[in-house]
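Enquirer: The following block contains a protein sequence and its predicted model.
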Amino acid sequence: MTSPPSSIRCFLFLQGPPGPFFHQLGQALTDGGHRVRRINLNGGDEHDWPTPIGGAKATCYRGKATRWPLYIDRYLREQGVTDLVLFGDCRPMHMVAHQMARLSGVRVHVFEEGYIRPNWLTLERDGVNGHSRLPRDPAGILAAADGLTMPPEMPPIGASLGRRVRDTWGYFRHMMWGAVGLRYPYYRSHRPGSILVEGLGWVGKYLTRRGVTRDTQATLAALAGKRYFLFPLQLSSDYQIRTHSPFPSMKQAADYVLASFAAHAPDDVCLVIKEHPLDSTWGGWGPFVRDRSLDLGLGRRLVHLAGGDLNALALTSLGMVVVNSTSATFALAGGVPVKALGTAIYAIPGLTQQGRLADFWTAPQAPDAQLYDAFARVLHHHCLVRGGLASESATRILIANALDRLLAK
């Protein structure tokens, strides 16, 4: 077979975020003269990659996880893959593919939810969050930021919860059908718990959204004028929790934070627990918060929010506690103290508080504004692409900007 010109690259896509983004990005790469390949790992992947691109059909891997390392190695070599593209680098199948790609000298591009949000997604070479290649010390950040500028102010990008719900439900529905129909008998989701229950949770979330908005407004009105710390929840399915923190689940992290708050925080201060906007836990976190409030004797000092503007909540808080959520950047940008419990790209002395969580409740330390400015410039230059996943216009913007990053040498 005649080898293609060296300027033509071959991009292999594995699992992406639910929805059409990866398929549309693959089509854009093909339109630019590059080759695109896809491996589906479950029925949801098939649903999100509905047609061949550039005449190449997607390959469906239905084998055991134990055979995946040699399979992906052979596929990379036989197809002449130059670039591997995936969403999240901690899923077990992605981790293996990532490692095999590096052994073969294949470039690895990792998408993830944006370090700075909204309007941005993360796209890094080799890894994100705990696997990022960015410096983790103040001197390294300041040196890397030298000569870089912040992007100009731009209008916000459209987003729709309904779009995310439809994309996610469509993906999980076809994942379940693929499993029930034994098309992918060995596939195991990287997400804990029942996929069916999670899918039903998304439906419930969409149907109850107006009631959640009313409850949130009432809770925020009652919170007005009170001093509080903010604890934004992450998804237990997020591998950043399980891989880059000491906690196996978000509930165990929450137990740790609540016990520390009850033991060490001043009596006149509240703790606001805010749910992740994409959390589809059946029934929400309300029952968990009520139970823990009773167990710890916190009463009205423990406040639960299923909605609300995270940025506004962060800016009026005394400080934010996170495991390793990127929502910490809302607080850091506003000069609000942050305590990170896990490995995070921003967990740098001078940005986040070091030492014990117990001390954070009584003596929170604000981030260094100059250091955060340098950190934000480095993120925008090396790690972020403008766009989103929750509307057609947002995806178009994301594709245009991701192409520039993917095709850079």
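Expert: Good, I have the coordinates. Residues are numbered from 1 along each chain as shown.
Enquirer: residue contacts, the residue nearest the centre of the chain?
Expert: Geometric centre of the chain, nearest residue: Glu113, 3.6 Å, by CA atoms, centre = their mean. Residues counted as contacts of Glu113 (CB atoms under 8 Å, 6 or more residues apart in numbering) are Leu121, Thr122, Thr326. (Glycine included, C-beta is placed from N, CA and C.)
Enquirer: Just grab the bridge partners of it for me.
Expert: Residues in a beta bridge with Glu113, per DSSP bridges, are Leu121.
Enquirer: Which strands and helices lie in contact with the helix or strand containing Ser260?
Expert: Following DSSP states H and E, one finds Ser260 within helix 250-264. Counting contacts by 3 or more CB pairs under 8 Å, 6 or more residues apart in numbering; DSSP states H and E, helix 250-264 packs against strand 228-232, strand 270-274, helix 286-296, helix 357-360.
Enquirer: In CSV: these, plus mean pLDDT.
Expert: Listed next are these as CSV, based on pLDDT from 0 to 100:
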stretch, mean pLDDT
strand 228-232, 98
strand 270-274, 97
helix 286-296, 94
helix 357-360, 98
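Enquirer: buried ones in the longest helix seen in the chain?
Expert: Across the chain, the longest stretch assigned as helix under DSSP state H is helix 161-180. Under the neighbour-count criterion of 16 or more other CB atoms under 10 Å, helix 161-180 has 163-165, 167-179 buried.
Enquirer: now stretch 33-49: how far from the chain's centre is it?
Expert: When distances are taken as CA atoms, centre = their mean, to the nearest Å, stretch 33-49 is centred 21 Å away from the chain's centroid.
Enquirer: CA atoms only for that stretch, dumped as CSV, please.
Expert: C-alpha atoms of stretch 33-49 as CSV (Å, rounded to 0.1, in the frame of the first residue of the first chain):
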residue,chain,number,x,y,z
GLY,A,33,-7.6,16.1,3.8
HIS,A,34,-6.8,13.9,6.8
ARG,A,35,-7.8,10.3,7.5
VAL,A,36,-10.1,9.5,10.4
ARG,A,37,-10.8,6.2,12.1
ARG,A,38,-13.1,5.2,15.0
ILE,A,39,-13.4,2.3,17.4
ASN,A,40,-16.8,1.8,19.1
LEU,A,41,-16.7,0.2,22.5
ASN,A,42,-20.5,0.0,23.1
GLY,A,43,-23.9,0.7,21.6
GLY,A,44,-23.8,4.4,22.7
ASP,A,45,-20.6,4.9,20.7
GLU,A,46,-22.3,3.4,17.7
HIS,A,47,-25.2,5.8,18.1
ASP,A,48,-22.9,8.8,18.3
TRP,A,49,-20.9,7.8,15.2
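Enquirer: Can you give me the buried ones in it?
Expert: 34-49.
Enquirer: ok, the residues you listed vs Gly387, which is closest?
Expert: Asp48 (17.4 Å; CB to CB).
Enquirer: if I pick that closest one, what's in contact with it?
Expert: Gly16, Pro18, Gly19, Pro20, Phe22, His23, Gly170, Tyr171.
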